[in-house]
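Asks: whatever this is, show me its structure:
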Amino acid sequence: MWKSVPDIGVVRLRSYDIRGKSVLWVPMFVANDRESVALTFATLQAQFPPDATVIGILNNRRDRGRRAELFSHMVPDDLSGYLDHVVTFGAYEEAVTKTMIERGYGRHRIHQMGETVQPTLDQILDTIADLTEGPTGVLVGMINIHTDQAELLIDHFQNCEAPNTAAR
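Replies: Coordinates of the predicted model:
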């Protein structure tokens, strides 16, 4: 049992160096409904480093438009107090950004890095580092797993050595 591979729903927290910043990676891609995400944030917040910048990735697949709409409401309505910034990956960036702004989430807190930009891995990592004020950050992946941008980031983390690992 100890050697078994964790269920994909298990959130494994790992800290990585991103451009000199210690960033806690929280891959919550399988938590994609309002209740699960809110509960997970409330539970995991105690694990976040004090004074860390918290960045949420909204990873929207083109075939999951309803989910993109749901999260465009959740960020301003339910997650604003947890998230300092949001980075959009994948599809629906303009619509998601517009909805979040209309619902009160500041435009300066939203950063498009999906299909509208087609960023390289270096551009994604630079953005994460630039948004991380101070030495520590938290990066939370949400909604879906498979987009070009999310796969770049996931592959990067899988190929890095993680100095600190904890399963939650």
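Asks: I'd like the next helix or strand past the helix or strand hosting residue 59.
Replies: Per DSSP states H and E: residue 59 is located in strand 53-60. Using DSSP H and E, the next helix or strand after strand 53-60 towards the C-terminus is helix 65-74.
Asks: okay, buried residues for that following helix please.
Replies: Buried residues in helix 65-74, defined by neighbour count with 16 or more other Cβ atoms under 10 Å: 67-68, 71-72, 74. Any C-beta I mention is one placed from the backbone N, CA and C, and that applies to glycine too.
Asks: repeat for stretch 150-164
Replies: 150, 152-154, 156-157.
Asks: would you say residue 16 is within a helix?
Replies: No. Checked against DSSP: H, G, I helix; E, B strand; the rest coil, residue 16 lies outside a helix; its state is strand.
Asks: counting contacts, what elements does the strand holding residue 59 pack onto?
Replies: If contacts are counted by 3 or more Cβ pairs under 8 Å, 6 or more residues apart in numbering; DSSP states H and E, strand 53-60 sits against helix 65-74, strand 85-90, helix 93-102, helix 121-131, strand 136-142, helix 148-158.
Asks: list the neighbouring strands of it plus their orientation.
Replies: When pairing is defined by DSSP bridges, strand 53-60 lines up against strand 85-90 (parallel), strand 136-142 (parallel).
Asks: pick the most deeply packed of these.
Replies: The highest average neighbour count among the strands paired with strand 53-60, using mean count of other Cβ atoms under 10 Å, belongs to strand 85-90 at a mean of 26.
Asks: in stretch 72-82, what's buried?
Replies: Going by neighbour count (16+ other Cβ under 10 Å), the buried part of stretch 72-82 is 72, 74-76, 79-80, 82.
Asks: could I get these as JSON lines with distance to residue 102 and pLDDT?
Replies: Below are the buried residues of stretch 72-82 laid out as JSON lines (distance: Cβ to Cβ, whole Å; pLDDT from 0 to 100):
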{"residue": "72", "distance to residue 102": "9", "pLDDT": "96"}
{"residue": "74", "distance to residue 102": "14", "pLDDT": "95"}
{"residue": "75", "distance to residue 102": "12", "pLDDT": "96"}
{"residue": "76", "distance to residue 102": "8", "pLDDT": "97"}
{"residue": "79", "distance to residue 102": "16", "pLDDT": "95"}
{"residue": "80", "distance to residue 102": "13", "pLDDT": "96"}
{"residue": "82", "distance to residue 102": "20", "pLDDT": "96"}
